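K.L.:
model this:
(chains A and B)
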Amino acid sequence: SQQGEEDPQALSIQEGENATMNCSYKTSINNLQWYRQNSGRGLVHLILIRSNEREKHSGRLRVTLDTSKKSSSLLITASRAADTASYFCATDGGTDKLIFGTGTRLQVFP
Amino acid sequence: NAGVMQNPRHLVRRRGQEARLRCSPMKGHSHVYWYRQLPEEGLKFMVYLQKENIIDESGMPKERFSAEFPKEGPSILRIQQVVRGDSAAYFCASSPPGQGGETQYFGPGTRLLVL
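P.N.:
Next up, the predicted model:
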């Protein structure tokens, strides 16, 4: 299977704390993306990082990419209850189809 | 500019029936992708289509599943003789030509329940 893996599978934190999620993938990539999915809803695109980039920021989000280790991390700083969702990484695998990780379920308690 | 639209949002079928899922891409997008999400799992690629053309169906089961994207109208994912294991959320995404590896916009999904 080409599917990547994310860890942890589930993460529970208090509001205000930081949340870090990791993603590993298997194939060479042109870019890696992170998506959020609220329970029972569709996917919302968060951020894209290209294979020649090592770090990227967007608001409270910070993404890193290590192509030598085929891994990425997503950091959400100063988390809020509204950040409660599942987070998925997705790679292009050098093609137009996206390969998703297994997801991290984040619960932020008020 | 309306986003990707999928209907129905929820679909209940009995074993052996047919399920038809529709996807209207964003305006100006000629590429459509279908993904399936089983409970508590990530999305898995099924098929990639352009107008009147299947580009990549490597993720689609060989039997009972078919997809089309006609010149006019929405893309259709058809599942014949559904079984309980087909119960899942089916997501459609669209992209402008040549940008599918970067920019895919997802619809809200169709949740199929097979009784």
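K.L.:
Now do the SS call for B:Gly85.
P.N.:
Classification of B:Gly85 by DSSP: H, G, I helix; E, B strand; the rest coil places it in helix.
K.L.:
Show the contacting residues for it.
P.N.:
Taking C-beta atoms under 8 Å, 6 or more residues apart in numbering or on different chains as the criterion, B:Gly85 is in contact with B:Val114. C-beta: built from backbone N, CA, C; applies to glycine.
K.L.:
next one: B:Glu102
P.N.:
B:Glu102 is in contact with A:Asn30, A:Asn31, A:Gln33, A:Leu48, A:Asp92, B:Ser95, counting by C-beta under 8 Å, 6+ apart.
K.L.:
any idea which element it lies in?
P.N.:
Counting by DSSP states H and E, no helix or strand carries B:Glu102.
K.L.:
Could you report the distance from it to A:Ile49?
P.N.:
B:Glu102 sits 11 Å away from A:Ile49, going by C-beta to C-beta, to the nearest Å.
K.L.:
between the two, what contacts are shared?
P.N.:
A:Asn31, A:Gln33.
K.L.:
Pull the contacting residues for the most centrally placed residue in chain B.
P.N.:
Centroid-nearest residue in chain B: B:Trp34, 3.5 Å away (criterion: C-alpha atoms, centre = their mean). By C-beta under 8 Å, 6+ apart, the contact set of B:Trp34 is B:Cys23, B:Phe45, B:Met46, B:Val47, B:Leu49, B:Met60, B:Ala67, B:Ser75, B:Leu77, B:Tyr90, B:Phe91, B:Cys92.
K.L.:
on contacts alone, who are the packing partners of the host helix or strand of the fourth one?
P.N.:
By that I understand B:Val47. Assigned by DSSP H and E, B:Val47 falls within strand B:43-50. In terms of contacts (3 or more C-beta pairs under 8 Å, 6 or more residues apart in numbering or on different chains; DSSP states H and E), strand B:43-50 is packed against strand A:99-100, strand B:31-37, strand B:53-56, strand B:65-68, strand B:75-79.
K.L.:
follow-up on the earlier one: in space, what's closest to the residue nearest to the centre of chain B - neighbours in sequence excluded?
P.N.:
Among residues not flanking B:Trp34 along the chain, B:Met46 sits closest, at 4.4 Å (C-beta to C-beta, 6 or more residues apart in numbering or on different chains).
K.L.:
and the one you found, how far is that from A:Ile76?
P.N.:
Applying C-beta to C-beta to B:Met46 and A:Ile76 gives a distance of 30 Å.
K.L.:
Same list (the helices and strands packed on strand B:43-50) but as TSV, adding mean pLDDT and distance to A:Pro8.
P.N.:
Shown next, in TSV, are those (pLDDT from 0 to 100; distance: least, C-beta to C-beta, whole Å):
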stretch	mean pLDDT	distance to A:Pro8
strand A:99-100	90	17
strand B:31-37	95	20
strand B:53-56	92	32
strand B:65-68	97	33
strand B:75-79	98	33
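K.L.:
Make TSV out of those strands and add distance to B:Leu113.
P.N.:
TSV is the format used below for the helices and strands packed on strand B:43-50 (distance: least, C-beta to C-beta, whole Å):
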stretch	distance to B:Leu113
strand A:99-100	22
strand B:31-37	14
strand B:53-56	27
strand B:65-68	17
strand B:75-79	12
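K.L.:
Among those, which comes closest to B:Pro8?
P.N.:
Closest to B:Pro8 of the helices and strands packed on strand B:43-50, according to C-beta to C-beta: strand B:75-79, at 12.2 Å.
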